[in-house]
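Chemist: Return atomic coordinates for the entry below.
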Amino acid sequence: MKKIALFLFLLNSAFLFAQKEVSGVVKDKSGAPLPRVNIVEKGTSNGVSTDFEGSFKINVKEGATLIFSYVGFSTVERTASNGKIEVVLGESDGQVLNDVVVVGSRNAKRTVVNSAVPIDVINVKDVTTQSGKIEINQLLQYVAPSFNANKQSGSDGADHVDPASLRGMGPDQTLVLINGKRRHQSSLINLFGTRGRGNTGTDLNAIPAASIKRIEILRDGASAQYGSDAIAGVINIVTNDNVDELTGSITYGVFNTHAKGDFLEGTPNTKGYRLDKNGNGNSYGKDQDFDGGSVRVAANYGTKIGSKGGYVNITGEFLNKNKTLRPSYDFRKGFGDAEMQGVNLFANLAIPISDKTEFYAFGGSNFRDTDAYAFTRNDGERVVESVYPGGYTPRITSKINDNSVAAGIRTETSGGWKFDLSNTFGKNKFQYDIKGTINASLEENSPLEFDAGGHSLLQNTTNFDISKNYGDVLSGLNIAFGTEFRVEKFEIFAGEEGSYTTYDTNGQPITDPTTQSAPIDPISGEPRPGSSQGFPGYSPLNEVNKDRTNFSLYADAEIDVTDALMFSGAVRFENYSDFGSTVNGKLASRLKITDHINARGSVSTGFRAPSLAQIYYNLRFTNFNASGATEVLLAPNDSPVTRAFGIDKLNEEKAVNASLGFTASFGDFTATIDGYYIQVKDRIVLTGYFDASALNLGVSEAQFFANGVDTSTHGLDIVFSWKKKFDFGQFGATLVGNINDMKIDKVKNGTLDEATFFGKREKAFLLASAPDNKFGLNLTYNKNKFDAGLAFTRFSKVVLVDYADEDDVYNPRLITDLTIGYQFTKSLKLTVGSNNLFNVYPTKQDEQGNTEAGGYWDAVQMGFSGAYYYARLGFNF
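Modeler: Okay, the predicted model is just below:
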């Protein structure tokens, strides 16, 4: 080891004697210094970054050319003809494929095109100003090739958090970072709906879009680099750091309620209508031409701290969104998007301590008050006629709190070693309040609102990262290593007694079923059920307070063997306090075939630890469909009931990833094409319903989490981008596409009946989360003060299986979005447009009411709310 160190020292010394030192400063057009600008000696990997005052020093060969690049600014080349250089960077109008990225590589000089793995870089400011979409999930759905998300209805908490995924994997198989630091997940676990069943994911909508500078999406397995959850890839959100600028917008939009064509053929309800709250949500109010009105107000401002590049950037956002209501069946009168009021705050700051040391911090707070309809109670023992004549539709209202803060110190030594010590804390909390409901066992004495309890997830992560770039080893070597320690804590807390208790005829909680009985419904002759209808509360028996720790070590390296050939490798060790250790590795390479074409590929192993929610979540609930209602127990993985059914302890999911792709750049045109293969063993799934009537549990059926299936996925991602200036304006065109094929290789049901354990219906939900394909063509034009955008997105056919065990086929659909903008003054811009301009709906299903959510459609990719029209006033001061 000493010989290697001596060799590197001597090699470095010899190199320095053959060099000349060049220094200088980099500024923007206003004269403000630009910190962290990337500076590379052309044709080599020798490079540095500017300090907090925009200054730099670099040793280069005589007559070398320096390349200056910074995200959001045009790349500049300057000849190092003398010892001092002053460089001014202007704002970029080029392609983002040349941006330096944070995710996928710890080499500060790596860009999208010369990376060994596929990365999307999305300029959020551009996307939000040319789209009416107001939430991060919906923005990414239409601009990233393999990103998928969809709104849910009748799915309890999932109505308020959109499950999202990459390359058809689960929502919890994509890792989310904020400024390169691990983001905590939501405490919600998806039990219903068409996507992400049995998964927990990260709530991207808790981050205000106005706070985001860009989003980097690594579409490749990265567990060896970042740890658990990165099976499908990594989403890194980079937040704003601009100063002396107030930007923001006010957006208003509504949905068109008039459905037409084959989407609602033969349906009487083709015009908007409302549920009448005064009629207990069981009768319709006045028809409306528009619904789902939303108002979003957002502002972002940054200011300098000191004179050496320090800053603080703050974002505030307010969102008010009304319900949509769409045609459905009699037992599901409230089918549609949920109502929401939300406040979002986020801050990002950096304070220089010395020339090459800074303190940084970022974090935010998100609060949402949501309101969604549950299934309608029309008759039977759940309806107390004297309270709700003719029935009622309960409402599940949720208060969601999401808070996070990260802080750290990073420094660079005179020898080029970079150190980063940080701590990131995050907590997500769901509190359920059920309104317009009843505990039928209390009959007329029942409250009509209940605190049903909730759940929370806390995560604290400490990181220590070290890296160094050697520009003099071959054509460049970057090494990095570090450690991480993480604490996670999951809680379920109980609601008020009436939300979970069944009472006897004397109004006392039933503790002995042999001597006590609930009141009998005079019509059905059945005992009246307890608990709050719509969502039963968590009881003290459901309460959970569990935690675990995780320790990891990693090392990775990238070496440019020549200017044309690069190799990278990574290895990571992880130890979890609850299930043990795992080691994963990754190899990747990029070959420069010509000056314009690169080939790249990677192979890696990965894993995902079972979430605490998957291990410990438990609940008794009512499952509604056209055939009626059934009481179900979702048992925790560690319970005797689970073991009695032969379900084993949960273990980690194990994955193998491989990818091969090409990148090309020809002047105004850039392209990336990447094929991939993902094999996942022991995927954690939510089983079907087992008959539990003989176990005296007070329910008819039981359900579990299990390492239930092995899957393999093949696919192809494409991104073609072109932008060119003409005398009559600037045109841009981007084609993104994903082709995906998932197979279920094995169902691990053991001795259990496969049709019950993970049958046809459960398989269809899993496969539908990986649609066959999605293509998007985005066209833009701007000239002086005018700009316009036209987008076409084609969603492929999806096949689900309904409660009648029949296929529900959703045919391919083409969605068209249009936006038109005009810059009235330097500070004010008006944009109007439409998402789903031609009011396209999914394929309407049969009249039997056997869909998952009880509407005429399930929650498929394109949504089910129809055309959305909006106007936005943007400001910049």
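Chemist: helices or strands next to the helix or strand containing Gly874 in the packing?
Modeler: In the assignment (DSSP states H and E), Gly874 maps to strand 868-876. Using 3 or more Cβ pairs under 8 Å, 6 or more residues apart in numbering; DSSP states H and E as the contact criterion, the elements in contact with strand 868-876 are strand 245-256, strand 828-835. Heads up, the C-betas are built off the backbone N, CA and C, glycines and all.
Chemist: Would you mind writing the CA trace of the shortest one as CSV?
Modeler: Written as CSV, here are the backbone C-alpha positions of strand 828-835 (Å, rounded to 0.1, in the frame of the first residue of the first chain):
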residue,chain,number,x,y,z
LEU,A,828,-45.3,39.3,-15.9
LYS,A,829,-46.2,36.4,-18.1
LEU,A,830,-49.7,34.9,-18.8
THR,A,831,-50.1,31.3,-19.8
VAL,A,832,-53.3,29.5,-20.7
GLY,A,833,-53.8,25.9,-21.8
SER,A,834,-55.4,22.5,-21.4
ASN,A,835,-54.3,19.1,-20.3
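Chemist: Check Phe875 and give its pLDDT.
Modeler: Phe875 carries a pLDDT value of 94.
Chemist: Who does it form a beta bridge with?
Modeler: Counting by DSSP bridges, Phe875 is bridged to Gly248, Leu828.
Chemist: which residues touch it?
Modeler: Contacts for Phe875 (Cβ atoms under 8 Å, 6 or more residues apart in numbering) come out as Leu246, Thr247, Gly248, Ser249, Ser827, Leu828, Lys829.
Chemist: Distance to Ile207, neighbour count and pLDDT for the residues you listed - can I get that in a markdown table?
Modeler: Listed next are the contacts of Phe875 as a markdown table, based on distance: Cβ to Cβ, whole Å; neighbours: other Cβ atoms under 10 Å; pLDDT from 0 to 100:
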| residue | distance to Ile207 | neighbour count | pLDDT |
| --- | --- | --- | --- |
| Leu246 | 20 | 13 | 95 |
| Thr247 | 17 | 19 | 94 |
| Gly248 | 16 | 18 | 93 |
| Ser249 | 16 | 22 | 94 |
| Ser827 | 26 | 12 | 93 |
| Leu828 | 26 | 13 | 95 |
| Lys829 | 24 | 19 | 94 |
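Chemist: Out of those, which comes closest to Lys181?
Modeler: Thr247 (24.5 Å; Cβ to Cβ).
Chemist: Mind pulling up the pLDDT for Lys429?
Modeler: In the predicted model, Lys429 carries a pLDDT score of 97.
Chemist: host element of it?
Modeler: Applying DSSP H and E, one finds Lys429 within strand 418-435.
Chemist: isn't there a helix covering Asn205?
Modeler: Yes. Using DSSP: H, G, I helix; E, B strand; the rest coil, the assignment for Asn205 is a helix.
Chemist: Now that it has come up, it's in contact with Ala164, right?
Modeler: No. In terms of Cβ atoms under 8 Å, Asn205 does not count as a neighbour of Ala164; the distance is 9.3 Å.
Chemist: if I look at the two, which residues touch both of them?
Modeler: Here Asn205 and Ala164 have Asn137 as joint contacts, going by Cβ under 8 Å, 6+ apart.
Chemist: helices and strands around the helix or strand harbouring Ile39, which ones?
Modeler: According to DSSP H and E, Ile39 maps onto strand 38-41. When contacts are defined as 3+ Cβ pairs under 8 Å, 6+ apart, strand 38-41 sits against strand 47-49, strand 55-60, strand 65-69.
Chemist: Please export the C-alpha coordinates of that strand as CSV.
Modeler: Output of strand 38-41 as CSV, limited to C-alpha atoms (Å, rounded to 0.1, in the frame of the first residue of the first chain):
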residue,chain,number,x,y,z
ASN,A,38,-17.3,22.9,-13.2
ILE,A,39,-13.9,23.6,-15.0
VAL,A,40,-12.3,20.8,-17.1
GLU,A,41,-9.2,20.8,-19.2
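Chemist: For it, which strands pair with it and how are they oriented?
Modeler: For strand 38-41, pairing defined by DSSP bridges yields strand 47-49 (antiparallel), strand 65-69 (antiparallel).
Chemist: hang on, the earlier thing: looking at the helices and strands packed on strand 38-41, which one has the lowest mean pLDDT?
Modeler: strand 47-49 (a mean of 74).
Chemist: How are the helices of the stretch 351-500 of the chain distributed by residue range?
Modeler: Per DSSP state H, counting those that start in this stretch, the stretch 351-500 of the chain carries no helices over any range.
Chemist: actually the chain, not the one I typed
Modeler: Read by DSSP state H, the chain holds these helices, from start to end of the chain: 2-17, 124-129, 136-141, 223-226, 612-616, 640-644, 754-758, 760-768.
Chemist: which residues are in contact with the fifth one?
Modeler: The list of residues contacting helix 612-616 from outside it, by Cβ under 8 Å, 6+ apart, reads 187-189, 198, 200, 455, 457, 488-490, 492, 544, 546-548, 578, 636-638, 650, 684, 705.
Chemist: In that helix, which of the residues would be classed as buried?
Modeler: Residues of helix 612-616 classed as buried: Leu612, Ala613, Gln614, Ile615, Tyr616 (neighbour count, 16 or more other Cβ atoms under 10 Å).
Chemist: ok, back up a step: redo the helices and strands packed on strand 868-876 as JSON lines? Include distance to Val48.
Modeler: Below are the helices and strands packed on strand 868-876 laid out as JSON lines (distance: least, Cβ to Cβ, whole Å):
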{"stretch": "strand 245-256", "distance to Val48": "27"}
{"stretch": "strand 828-835", "distance to Val48": "38"}
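Chemist: To Asn300, which of those lies closest?
Modeler: Within those, the stretch nearest Asn300 is strand 245-256; the backing value is 5.1 Å (Cβ to Cβ).
Chemist: roughly how far is the closest one from the heart of the chain?
Modeler: The chain centroid and the centroid of strand 245-256 are separated by 22 Å under Cα atoms, centre = their mean, to the nearest Å.
Chemist: ok, now stretch 387-401?
Modeler: Mean-position distance between stretch 387-401 and its chain equals 28 Å (Cα atoms, centre = their mean).
Chemist: That one - what's its average pLDDT?
Modeler: Mean pLDDT, taken over the full extent of stretch 387-401, equals 91.
Chemist: which non-adjacent residue is nearest Thr605?
Modeler: The shortest distance from Thr605 to any non-neighbouring residue, by Cβ to Cβ, 6 or more residues apart in numbering, is to Asn584 (4.6 Å).
Chemist: Is it correct that that neighbour is in contact with Asp556?
Modeler: No. Between Asn584 and Asp556 there is no contact, the gap being 11.6 Å when judged by Cβ under 8 Å.
Chemist: Noted, bye for now.
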